[in-house]
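> Have a look at this prediction, sequence included:
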Amino acid sequence: MAIEKIGVIGAGQMGTGISHVLALSGYDVVLDDINKDALAKAIGLIEKNMQRQLAKGLIKEEQIKPALARIRVTQTLDDLKDRDLVIEAATEDEAIKKKIFDLSREKYPDAKLFGLTTGLAVMKINSELGYEPVTYSELTQDEDFWAGCKSCVNYEILMSKDRKNCMCTAMLYDPKDHYKPEETKQFFEENKTGLERLLQFKRWKLLKPFLKKKEDNGNNSGSQQKSFLQYFFNI
Ligand SMILES: NC(=O)c1ccc[n+]([C@@H]2O[C@H](COP(=O)([O-])OP(=O)(O)OC[C@H]3O[C@@H](n4cnc5c(N)ncnc54)[C@H](O)[C@@H]3O)[C@@H](O)[C@H]2O)c1
């Protein structure tokens, strides 16, 4: 199925950036938020950021008006019923995430549900729903999904790793092959200290070269041997 119409739930930092990139890429977007002010703020910010892109020569003037016209805002979840794809970028609230998960399972029972997160709190919520941590290669290669990362501050890191790793941990719920929520929940509880350390390690290891590059303008030492962790996590 060709994806043309996309719904985005949550008009915060992520939802705003995702809607911006999608509309510029030609998708018809409905942006949903429970907060009317957040929707107004998102549209204002998207326009401002497009003007910034224009000033930098990244987009053309004639792209802005049609892209903005492609974004419709709503406070009614029902307005997403006709969407080919719905991206959830709402608050880290367990009840909301569960409601969205249940709705996705009901509407798209065969769809794989997956996401990326830097937050241990989100990993916990996802684990309780039956998601398991996976490698990036087990996620989709669909450009539409990865386009959502373009607005992230760590996009440069993601691309430098050929989309095989970044600051986020990938999590997947495969309806055809998944563990029981009790099992993924138990796995999280038993491994959360290790997962937290991995997130800290990623922050340290992945950000270091970029901070260093800024400091010494790309002068790197080059030939250090990779450790076991570097190979294992493709860091
Ligand atoms: N910000 C990041 O760098 C980042 C990176 C990866 C993942 N995430 C995840 O993306 C999600 C959103 O992050 P953010 O930084 O944009 O948060 P944010 O707090 O900036 O925005 C969340 C928005 O969701 C809205 N919302 C809350 N409940 C809703 C509901 N029931 N229906 C519709 N909208 C609702 C809020 O009004 C708010 O505008 C979080 O779950 C976060 O863990 C964020």
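Received it, and whenever you're ready, just let me know what you need. Numbering: from 1, shown residues only.
> Let me know the secondary structure of the nearest residue to Val86 once chain neighbours are set aside.
Nearest residue to Val86, sequence neighbours excluded (CB to CB, 6 or more residues apart in numbering): Gly7, at 4.1 Å. For every residue, glycine as well, the C-beta is placed using N, CA and C. Three-state call for Gly7 (DSSP: H, G, I helix; E, B strand; the rest coil): strand.
> how close does Gly7 get to Ala23?
In this view, Gly7 and Ala23 are 13 Å apart by CB to CB, to the nearest Å.
> repeat for Asn165
28 Å.
> Equivalent analysis for Leu103, please.
Distance from Leu103 to Ala23, by CB to CB: 24 Å.
> of these two, who's got more company?
Ala23 (23 against 15; other CB atoms under 10 Å).
> can you give me the strands in the protein?
5-9, 28-32, 71-74, 85-88, 113-117, 132-134, 169-173 (DSSP state E).
> Include distance to the ligand and mean pLDDT when you put these into CSV, please.
Output for the strands of the chain, formatted as CSV (distance: least, CB to the nearest ligand atom, whole Å; pLDDT from 0 to 100):
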stretch, distance to the ligand, mean pLDDT
strand 5-9, 5, 94
strand 28-32, 5, 97
strand 71-74, 10, 98
strand 85-88, 8, 86
strand 113-117, 5, 89
strand 132-134, 15, 93
strand 169-173, 10, 94
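> got TSV for these, with mean neighbour count too?
Listed next are these as TSV, based on neighbours: other CB atoms under 10 Å:
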stretch	mean neighbour count
strand 5-9	22
strand 28-32	24
strand 71-74	16
strand 85-88	20
strand 113-117	19
strand 132-134	18
strand 169-173	22
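> returning to what we had before: any common contacting residues for Gly7 and Ala23?
Val29 (CB atoms under 8 Å, 6 or more residues apart in numbering).
> tell me the contacts of Gly7?
By CB under 8 Å, 6+ apart, the neighbours of Gly7 are Val29, Val30, Leu31, Asp32, Asp79, Leu80, Arg83, Leu85, Val86, Ile87.
> Could you count how many residues lie near the closest residue to Leu206 other than its chain neighbours?
In this structure, Leu206 finds its nearest non-sequential neighbour in Ile157, 5.2 Å apart by CB to CB, 6+ apart. Using other CB under 10 Å, Ile157 is surrounded by 17 other residues.
> Domain map for the protein?
1-91, 111-235 (automatic domain parsing).
> Lys97: which of those domains is closest?
domain 111-235 (5.1 Å; CB to CB).
> residue contacts, the nearest residue to Thr140 once chain neighbours are set aside?
Excluding the flanking residues, the one nearest Thr140 by CB to CB, 6+ apart is Phe114, at 7.1 Å. Phe114 makes contacts with Tyr131, Val134, Leu139, Thr140, Ala170, Met171, Leu172, Tyr173, as judged by CB under 8 Å, 6+ apart.
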